[in-house]
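J.: Only the shape, not the letters, is given here:
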DNA sequence: GTCTATAGTTCGATAGAC
DNA sequence: GTCTATCGAACTATAGAC
């Protein structure tokens, strides 16, 4: 479809395999098998395994972050933005990504959750590069709504929201298991409203210093 | 010191290497080098790499969970337990573990954060086995305090608290970076009070259905 | 209980034909 | 741009001496 069909096929396969097995648990042979191409073709297009991984992250994070920037800008263009609207703009893209089984987004959601929680140099460097800039925008937006919220409270509160998003976005089945089936991993709106309610109350409480 | 000195030396080394490099990124050779023993000795004591990993998790999770069970039981023995006290009992062990640089607990904290966020079969199985039982105790305790909180709200709220704990427990330096040094990863109390404030407000808001 | 040595496999990457 | 074939290194695990 694109000028280089081979590249996107390989990226899709790599995204899936990396998500399921992690960076070190994935081999170029597995990815080549999943993509149904020769192993050497991956090296031709992406050179090394490291660069392939970064290209997987770059492709998705670009799309997510530009969507977020756009909705952030739209929200802030109007006046009197509600905290709930801001948080919904934050949580929804993650949740939709985690439930996108057709476009393969759910694989990236898994990969993202793992990368953001890992502490190896590669994961930390990628998080810094691809996710810290948008994080700063959100922290500033939160402080514009909750006037007087300290920098510490805003940053910690934002990071807590990230933690909530990461545990909610992938369908792990843990909520269903712990609730004996009463929680439904598939229902985005069920999760989203709780994400927003919980995080909004948490952020406001930080601002009230209690 | 113990009857089998070799075992605990190897477990310490394995915990460190697994934490820094992940399961697949670690090799028995690295662990043997870190422990300063022959590689074959690890296989003598632990058989396979898989079993070694599980033994690392089992050693720490047993200590953490029994501490949590004890403090949960103490709290519930008295009456009129506050939500804040319950949440502090939940967050504090994680935070202390993540800042225990002398006993090596911070390595396990990293390992735990990664394992809990990963989605491979090994990680999911270990989370189910070692962390779901205590999770059920906390969910029940939350519902005893917030009378009328639905099963769904309690489970989702608990999982959000887990997400918050996981992003807070390891010293990643991300908070410091995003706040240009104003947040201090080293200050347990600074983080703990925000963990408790945020999660308590979030849980109460879930109960009020708004 | 701890070691050396090594068997057998799989890995990332490259050379070179088409 | 895509392939087959293969190199050299690293891996898990085991055999067997002490």
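T.: Looks like it arrived, so ask away. Keep in mind it's a predicted model, so treat the numbers as computed, not measured.
J.: elements contacting the helix or strand containing residue A:53?
T.: Applying DSSP states H and E as the criterion places residue A:53 in helix A:49-77. Packing contacts for helix A:49-77, counted by 3 or more CB pairs under 8 Å, 6 or more residues apart in numbering or on different chains; DSSP states H and E, involve helix A:5-25, helix A:39-46, helix A:83-98, helix A:105-117, helix A:121-145. Every residue, glycine included, has its C-beta placed from N, CA and C.
J.: mind checking how far residue A:37 is from residue A:11?
T.: Remark: distance between residue A:37 and residue A:11 (CB to CB, to the nearest Å) = 12 Å.
J.: who's more crowded, those two?
T.: Neighbour comparison, residue A:37 and residue A:11: the larger count goes to residue A:11, with 21 against 17 (by other CB atoms under 10 Å in any protein chain shown).
J.: What's the separation between the more buried one and DNA strand C?
T.: In this view, residue A:11 and DNA strand C are 15 Å apart by CB to the nearest atom of the strand, to the nearest Å.
J.: shouldn't that residue be in contact with residue A:59?
T.: Yes. Contact criterion CB atoms under 8 Å: residue A:11 and residue A:59 qualify, at 6.0 Å.
J.: about what we covered before: what would the helices and strands packed on helix A:49-77 look like in JSON lines with mean pLDDT?
T.: Compiled in JSON lines, these are given as follows (pLDDT from 0 to 100):
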{"stretch": "helix A:5-25", "mean pLDDT": "95"}
{"stretch": "helix A:39-46", "mean pLDDT": "98"}
{"stretch": "helix A:83-98", "mean pLDDT": "94"}
{"stretch": "helix A:105-117", "mean pLDDT": "93"}
{"stretch": "helix A:121-145", "mean pLDDT": "95"}
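J.: deepest of these, which one?
T.: helix A:105-117 (a mean of 25; mean count of other CB atoms under 10 Å in any protein chain shown).
J.: and that helix, what does it pack onto?
T.: Checking 3+ CB pairs under 8 Å, 6+ apart, helix A:105-117 ends up next to helix A:5-25, helix A:49-77, helix A:83-98, helix A:121-145, helix A:151-169, helix B:105-117.
J.: Redo those helices as a markdown table? Include distance to DNA strand D.
T.: Output for the helices and strands packed on helix A:105-117, formatted as a markdown table (distance: least, CB to the nearest atom of the strand, whole Å):
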| stretch | distance to DNA strand D |
| --- | --- |
| helix A:5-25 | 3 |
| helix A:49-77 | 12 |
| helix A:83-98 | 27 |
| helix A:121-145 | 16 |
| helix A:151-169 | 28 |
| helix B:105-117 | 16 |
